[in-house]
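**Student:** build me a structure from this.
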Amino acid sequence: MRLLQRVNFSTLVLASLALGVATGLFFGELTAGLKIVGDIFIKLLQMTVLPYVMVSLIVGLGQLDYRGARNLAARAGTILIVLWAIAIAVVLLIPLAFPAWTSASLFSTSLAAPQQKLDLITLYVPSNPFRSLANNVVPAVVVFSIAVGLALIGIENKSRLLEMLETASAVLIKITQAVARATPIGVFAIAAAASGTISTSELERIQVFVATHVGLGLVLALWVLPGLVTVFTPLSLREIFRLIRDPLVTAFATGNLFIVLPQLSEVCKELLRHARLVNEENESRVDVLVPVTFNLPNVGRLLTMGFVLFAGWYSGTPVPPADYPAFAISGFVSFFANVFIGIPFLLDTFQIPADTFQLFLFTDAFTGRFGVLNGAMTTIVVALLGTCAMGGMAKLNKARLVRYLLGSVGLLAGVLVSVNLFFTHLVDAQFRKGEQFESLELLFEPVRTTAYDKPPLFTPLPDPRPSAIQRIRERGKIRVGYVPGRLPHSFVNTNGILVGFDIEMASQLARALDVELELVPVDLPTLVPQISQGYCDIVMSGIPITPELAKATAVSDPYLEETLAFLVLDHRRKQFSSWSRIEELETLRIGTRVSGYYSRQIRQWLPRAVLVGIPPLGEFLDQPDETVDAVLITAEAGSAWSLLHPRYSIAVPRPDPLAVPMAYVMAREDRQLLDFVNAWIKLKQNDRTIDQLYEYWILGKKVGQSEPRWSVIRNVLGWVD
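**Tutor:** This next block holds a predicted model:
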């Protein structure tokens, strides 16, 4: 007990954090139940924060006069703008850390999704303050509190109300301090549950972002931000960190800035006392600046924008430097909400696969703590410098400024160069996504199957022809036509096996009919006569519905909807990202393998476009025609091809992406089979078979239960299964 008393609080919290991580690694998923303890701790800390923010803002502003309030807004606002500029500049430098790795990704639903809109009005305008309080809408509560505080400035005989609110503030701080004593227990539970349940396999995919974010986050939090305070005040870095250590460690360990706001206010006042800059007026300024700063974008939050640049690089759809101004502005505005709104918004805006957001959620459990650390430092810097600037106590130290600038440039450059060199020269980054896709096996156990790579001999059906159901039953097999090399619907994998989305569906259809499966190749230009003559019973190979096809054959109900897109060289992706940009191109040659409905649509939308017939896509991409600007394709198929040819990317023109319904094709006379297939498609939709195949073949997700997380108790000691 005496030993614990001699250990300072922040050391105890860090020890609890380390012990929690070790416990999670040892016990693995068995620590999941500790999340309840961590959640209780967080909620206990949160219970006083919103009332404290409201009371402190009203008191702090109410004690000022109107001139002081304007001065506070101007000085603190200038400091915030400087910090925002630093954060955005650092974010735009992040791509310098990325090594020159080849990259591409499978289809993402974000390519076809409508653009997300931010509702900043609801977030910041407190039409019903009580509702904002009840729903924890912090920005709206802050705006309401500022309005009350500003109104109180001009009220006479306000001293009694201010005294009551100050007493309430003191009570809330006392409660917070009491709950904070349990921080080591809460931090242990949070760390154990997180480290025991988070998948470690994903870390290999995002190590570049983690290294860059952590390195830059530490430089900003430990040098760039506190260094500004040392340049304009007598305080040294050692003095600053000695006093702010406890709330910083608590914020970092819990990953929650909100819960330490009362503590940040107190340590800022303590720092002012230490520098002999404190008075009653300065304390009131701190009480205003701390909660206001919390509700505005901080350096940590803006640094998270770097994930969008990483996601673009990682997925093979990088944000071009020409779009950096738009990226910075839209990112800054969207982050007035929060990162979980801002990140998806930016991914959507710059057409980066939305599934990369899952990577962000995974990394945020770790990297988010460095954002919280920088958020706490932002709050401290604005509170200290804003208070000193208002009181005329901020004085520039030129010697410290020179040291600060040289140190900042050197440390930031050191992080960026080190990360780049490390991953360029010491990490095996060979692009394997194409190989992984080509090696995919069938997800479900297939029926007995015979697959032909060349058209077998067949006898045309007599007239009148027997029904397809009768032929299939007599034969004991259903003969399904497929288009060779039609990724991701039908293609031969590296083991020489015919696989793909529709090969799986063909096997499922054969199982439903209780027959074997025979797969025969078909050619798109001769599909109609082949199926009409009885060469195959049905074609299942990602065939889009068109009026011409519907007239000549029996077309099933759609089983999928894909998205019309262009397959283009990486550097031209932005040119084809919107219809307006495509129309601005002086010359436009579009390669296509089909004619008819979609070709007419393209000619209607792009009258100057010249449509050029191309050979099978695999042949074309191996020996491309340089005069062809883009290939008309669906985004789902084009994404798969971009894995095999990563110098190509998919561009879905905005706005209003065009959906392309996919169907199965039968002879016009085979109405009985058509009815059966339509009913079967409905059943496969209801039992999620189609969803699972979509996730596996098109989105590239693993389907089924994942293996338990690695842990010492399971994988080393073998004490549990």
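**Student:** can you show me the strands along the chain?
**Tutor:** Assigned by DSSP state E, the chain shows strands spanning 449-451, 477-482, 491-492, 498-499, 516-521, 538-544, 554-555, 560-569, 589-592, 610-613, 630-634, 648-651, 659-666.
**Student:** what stretches of the stretch 251-400 of the chain score poorly on pLDDT?
**Tutor:** 295, 334, 336-338, 340-341, 354-355, 358-359, 361-362, 365 (pLDDT under 70).
**Student:** worst mean pLDDT among the strands of the chain?
**Tutor:** Among these, strand 648-651 has the lowest mean pLDDT, at a mean of 85.
**Student:** each with direction, which strands does that strand pair with?
**Tutor:** Partners of strand 648-651 in the sheet, by DSSP bridges, are strand 560-569 (antiparallel).
**Student:** hey, what's the angle from the partner strand to strand 538-544? Just curious.
**Tutor:** If you take axes from the mean of the first three to the mean of the last three CA atoms, to 10 degrees, strand 560-569 sits at 60 degrees to strand 538-544.
**Student:** what are the buried residues along strand 560-569?
**Tutor:** Judged by neighbour count (16 or more other CB atoms under 10 Å), strand 560-569 contains these buried residues: 560, 562-568. Quick note: C-beta positions are derived from backbone N, CA and C, even for glycine.
**Student:** name the residues that touch it?
**Tutor:** Outside of strand 560-569, the residues within contact range by CB atoms under 8 Å, 6 or more residues apart in numbering are 111-112, 542, 544, 575-576, 590, 598, 629-638, 641-642, 647-653, 657-662, 690, 694.
**Student:** now the terminal residues of stretch 531-548, how far apart.
**Tutor:** Start and end residues of stretch 531-548 are separated by 15 Å (CA to CA, to the nearest Å).
**Student:** again with stretch 710-721
**Tutor:** The first-to-last residue distance of stretch 710-721 comes to 11 Å (CA to CA).
**Student:** ok, stretch 213-225 next?
**Tutor:** Stretch 213-225: ends 16 Å apart by CA to CA.
**Student:** pull out the buried residues from that stretch.
**Tutor:** 213-217, 219-225.
**Student:** wait, what's in contact with the closest residue to G215 other than its chain neighbours?
**Tutor:** Excluding its sequence neighbours, the residue lying closest to G215 (CB to CB, 6 or more residues apart in numbering) is V415, at 3.7 Å. Applying CB under 8 Å, 6+ apart, we find V415 in contact with 97, 212, 215-216, 219.
**Student:** need the winner for burial among the strands of the chain.
**Tutor:** Most buried of the strands of the chain, by mean neighbour count (mean count of other CB atoms under 10 Å): strand 648-651, with a mean of 26.
**Student:** residues in contact with that strand?
**Tutor:** 104, 107, 111, 316-317, 351, 565-570, 572-577, 621, 630, 633, 635, 638-639, 641-642.
**Student:** show me which of the residues you listed are buried.
**Tutor:** Neighbour counting with 16+ other CB under 10 Å marks 104, 107, 111, 316-317, 351, 565-568, 570, 572-577, 621, 630, 633, 635, 638-639, 641-642 as buried within the contacts of strand 648-651.
**Student:** find the centremost residue of this protein, please.
**Tutor:** In the chain, the C-alpha nearest the mean C-alpha coordinate belongs to F357, at 1.8 Å (CA atoms, centre = their mean).
**Student:** can I assume it is in contact with F345?
**Tutor:** No. Using CB atoms under 8 Å, F357 is not in contact with F345, being 10.5 Å away.
**Student:** care to break the protein down by domain?
**Tutor:** 2-94+121-425, 439-559+670-698, 561-661 (automatic domain parsing).
**Student:** which helix of the chain spans the most residues?
**Tutor:** For the chain, the helix that runs over the most residues, judged by DSSP state H, is helix 356-390.
**Student:** please identify the buried residues of that one?
**Tutor:** 356-357, 359-360, 362-364, 366-390.
**Student:** same thing with stretch 670-689?
**Tutor:** Buried residues in stretch 670-689, counting neighbours by 16+ other CB under 10 Å, are found at 670, 673-674, 676-677, 680-681, 684, 689.
**Student:** what sits up against that stretch?
**Tutor:** Here stretch 670-689 has contacts from 444, 467-469, 472, 505, 508-509, 512-513, 537-538, 554, 556-557, 559, 664, 666, 690-691, using CB under 8 Å, 6+ apart.
**Student:** could you rerun that using 7 Å?
**Tutor:** 467-469, 508-509, 512, 537-538, 554, 556-557, 559, 664, 666, 690 (CB atoms under 7 Å, 6 or more residues apart in numbering).
**Student:** also stretch 263-276?
**Tutor:** Against stretch 263-276 from outside (CB under 7 Å, 6+ apart): 56, 233-235, 239-240, 243-244, 247, 278, 282-283, 286-287, 290, 376, 379-380, 383-384, 387.
**Student:** restricted to helices, list these.
**Tutor:** Per DSSP H, the contacts of stretch 263-276 map to helices at 56, 239-240, 243-244, 247, 282-283, 286-287, 290, 376, 379-380, 383-384, 387.
**Student:** can you tell me how far Q692 sits from T634?
**Tutor:** 20 Å (CB to CB, to the nearest Å).
**Student:** repeat for T378
**Tutor:** Distance from T378 to T634, counting by CB to CB: 45 Å.
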